[in-house]
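Asks: Have a look at this prediction, sequence included:
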Amino acid sequence: MSEVSDKVARILIDKLGIAESEINPDANLVKDLGIDSLDYAEIVMDFEQTFDIRIPDRDAEKLATIGAAVKYIEEQLDKKK
């Protein structure tokens, strides 16, 4: 796992109280992990704070799975270099 995926997993585990075994790249945040819109917004804000990036609302919708979130964050971090 990359550093980004480790941090994303930690945020999800801490925020949602889910087991580490539930974390996999294909897990859908809403369907598989059962988060609601408020949790989703809080998680996106946690991603922004943790990685010092801005995630516009139109992009937040793309973060449907854990893998998609990790990929998006890595792309944003690469742009900052």
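Replies: Noted; the coordinates are in hand. Numbers count the residues shown, from 1 in each chain.

Asks: hey, where'd the strands end up in this structure?
Replies: Using DSSP state E, the chain contains no strands.

Asks: Quick check: nearest residue in space to P25, chain neighbours excluded?
Replies: G67 (3.1 Å; C-beta to C-beta, 6 or more residues apart in numbering). For every residue, glycine as well, the C-beta is placed using N, CA and C.

Asks: Tell me the predicted confidence for that neighbour.
Replies: As predicted, G67 sits at a pLDDT of 97.

Asks: My read is that it contacts D26, right?
Replies: Yes - when contacts are counted by C-beta atoms under 8 Å, G67 is listed as touching D26 (6.2 Å).

Asks: More neighbours: which of the two?
Replies: Remark: of G67 and D26, G67 carries more neighbours, 16 against 9, as counted by other C-beta atoms under 10 Å.

Asks: what residue is smack in the middle of this structure?
Replies: For the chain, the residue sitting closest to the mean C-alpha position, by C-alpha atoms, centre = their mean, is A69 at 4.5 Å.

Asks: Contacts only, for that residue.
Replies: Taking C-beta atoms under 8 Å, 6 or more residues apart in numbering, we find A69 in contact with V8, L29, F47, L63.

Asks: can you check L77 too?
Replies: L77 touches V4, F51, I53, counting by C-beta under 8 Å, 6+ apart.

Asks: how near is the residue nearest to the centre of the chain to E48?
Replies: 12 Å (C-beta to C-beta, to the nearest Å).

Asks: what's the answer for R10, then?
Replies: 15 Å.

Asks: before we move on, back to that, could the contacts of A69 be laid out in JSON lines, adding neighbour count?
Replies: JSON lines is the format used below for the contacts of A69 (neighbours: other C-beta atoms under 10 Å):
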{"residue": "V8", "neighbour count": "26"}
{"residue": "L29", "neighbour count": "20"}
{"residue": "F47", "neighbour count": "22"}
{"residue": "L63", "neighbour count": "21"}
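
Asks: Looking at the residues you listed, which is nearest E74?
Replies: Set against E74, the nearest of these by C-beta to C-beta is V8 (9.9 Å).
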